[in-house]
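**Q** got a predicted structure here, sequence first:
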Amino acid sequence: MIRRLSLPLCLLVLVLSGCVGPAEVSPALGALEAEPSGTLLVGRGGDLWIVEGGTLRQFTSGGTWRQPSWSPDGSRFAYVFRAENFSEIFVMNRDGSDPKRLTSSQSTILQDSDWAFSPTWSPDGARIAYTSDASSYNPMLWVMAADGSGKRQVIPNGAGLDAIESPRWSPDGGTIALTGFKTTTSQIYRFQLSTAELSAVTATSGGAFDPAWSPNGQYIAYVAREDDQTSIHVIRADGSNDAKVADAGEVRVPTWSPDGSQLAFLSASSGHFELYLVNVETSSAPPRGSDERQVTTDLNADATSGIAWTR
């Protein structure tokens, strides 16, 4: 039986058996050096943490939570439940109530279990794109309704990419940006939903990954790898005006603020991944970053879990 608990006084632990129970509230990890506006979800140790109002607090426990993604109106979020040999996509309300399972990746036959990752909402909140290996060796791009119905693979096997990661739906609803792999190198691609056209946005020498659309749909932030170094770049969606906007080393998952004026990202400059902010100016070409600063001091975030930011 599922017990609903009010947050932040209680935390939720969701397992596939449906049991939910309270967990101890953990104190904030270090002082926040900057205060992002709105609400951010980040991963730490397999759980989700909230950055809000200048505080950092634990939201879930159980070690199975990954890759949160806010719905466009901020009332719900999708996330990945990761088990030992499969993963599922769930959605739940902002306060932690009413969790619903959308995928069915677990099989009674161990070898037939699947992986589902990286949920991203359409701007109208009606659909969720994600990656799955349900009908392929490596994860490919899928789309389903927000209630889990109508699942379909939208980039077929053999379309020119060996694997797909980190899809992100454009604000106009017509395009999905993604990390696409060919052999061992990845670049940022755009997939046009109406025509099924797939086109490269980046051509970075060491590869590119972790795309994120600006709220106005004109720019894509991403991580560029060059000479064994990674940095945060911003590029126009058509592939022009590419520029580095943050210098912190070993970076992941840039995420735009709701108003498009800042990027949050994770950096391991201090030895483990912490939350950073940088202001981004896109009114003139090329884009410029300024006032880069560290937000958390002892978060030790899960870099592959990403960041979700809403008002």
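**A** On my side now, so go ahead.
**Q** so where do the helices sit in this protein?
**A** With DSSP state H as the criterion, the chain has no helices.
**Q** for the spatially closest residue to residue 243 that is not a sequence neighbour, grab the count of nearby residues.
**A** Distance criterion Cβ to Cβ, 6 or more residues apart in numbering; nearest residue to residue 243, sequence neighbours excluded, is residue 286 at 3.6 Å. Where C-beta positions appear, they are placed from N, C-alpha and C, glycine not excepted. Neighbours of residue 286 under the rule other Cβ atoms under 10 Å: 16.
**Q** identify the residues contacting residue 286.
**A** Counting by Cβ atoms under 8 Å, 6 or more residues apart in numbering, residue 286 makes contact with 234, 241-243.
**Q** what's the closest of the residues you listed to residue 75?
**A** Minimum separation from residue 75 among the contacts of residue 286 (Cβ to Cβ) is found for residue 234, which lies at 28.7 Å.
**Q** report the beta-bridge partners for that closest one.
**A** Note on residue 234: beta-bridge partners by DSSP bridges are residue 221, residue 243.
**Q** so, low pLDDT: which residues of this protein?
**A** Filtered on pLDDT under 70, the chain yields the residue ranges 1-31, 33-34, 110.
**Q** rerun that using 80 as the cut-off
**A** 1-35, 108-111, 184 (pLDDT under 80).
**Q** what's the burial count for residue 67?
**A** Neighbour tally, residue 67, other Cβ under 10 Å: 27.
**Q** could you measure it against residue 263, distance?
**A** Remark: distance between residue 67 and residue 263 (Cβ to Cβ, to the nearest Å) = 18 Å.
**Q** what about the residue nearest to residue 243, distance to residue 166?
**A** Looking at residue 286 against residue 166, where the rule is Cβ to Cβ, the gap reads 23 Å.
**Q** same question for residue 204.
**A** Counting by Cβ to Cβ - residue 204 and residue 166 are separated by 15 Å.
**Q** between those two, who's got more neighbours?
**A** For residue 204 versus residue 166, neighbours defined as other Cβ under 10 Å are more numerous around residue 166 (24 against 19).
**Q** need the contact list for that one.
**A** Per Cβ under 8 Å, 6+ apart, neighbours of residue 166: 118, 178-179, 209-211, 306.
**Q** who wins for neighbours among the residues you listed?
**A** residue 178 (30 neighbours).
**Q** what count of nearby residues applies to the residue lying closest to that residue once chain neighbours are set aside?
**A** Sequence neighbours aside, residue 167 is the residue nearest to residue 178 in space, at 4.4 Å (criterion: Cβ to Cβ, 6+ apart). Using other Cβ under 10 Å, residue 167 has 27 other residues around it.
**Q** surely residue 167 touches residue 176?
**A** Yes. Contact criterion Cβ atoms under 8 Å: residue 167 and residue 176 qualify, at 5.0 Å.
**Q** what sits in contact with each of those two?
**A** Between them, residue 167 and residue 176 share these contacting residues under Cβ under 8 Å, 6+ apart: 120, 129, 141.
**Q** and the last one, how many neighbours?
**A** Put plainly, it is residue 141. 25.
**Q** which ones are touching the residue nearest to it when sequence neighbours are not counted?
**A** Using Cβ to Cβ, 6+ apart and skipping the chain neighbours, the partner closest in space to residue 141 is residue 155 (4.3 Å). Residues near residue 155 by Cβ under 8 Å, 6+ apart: 140-141, 161, 164, 191, 196, 198.
**Q** give me the buried subset of those residues.
**A** Buried residues within the contacts of residue 155, defined by neighbour count using 16 or more other Cβ atoms under 10 Å: 140-141, 161, 164, 191, 198.
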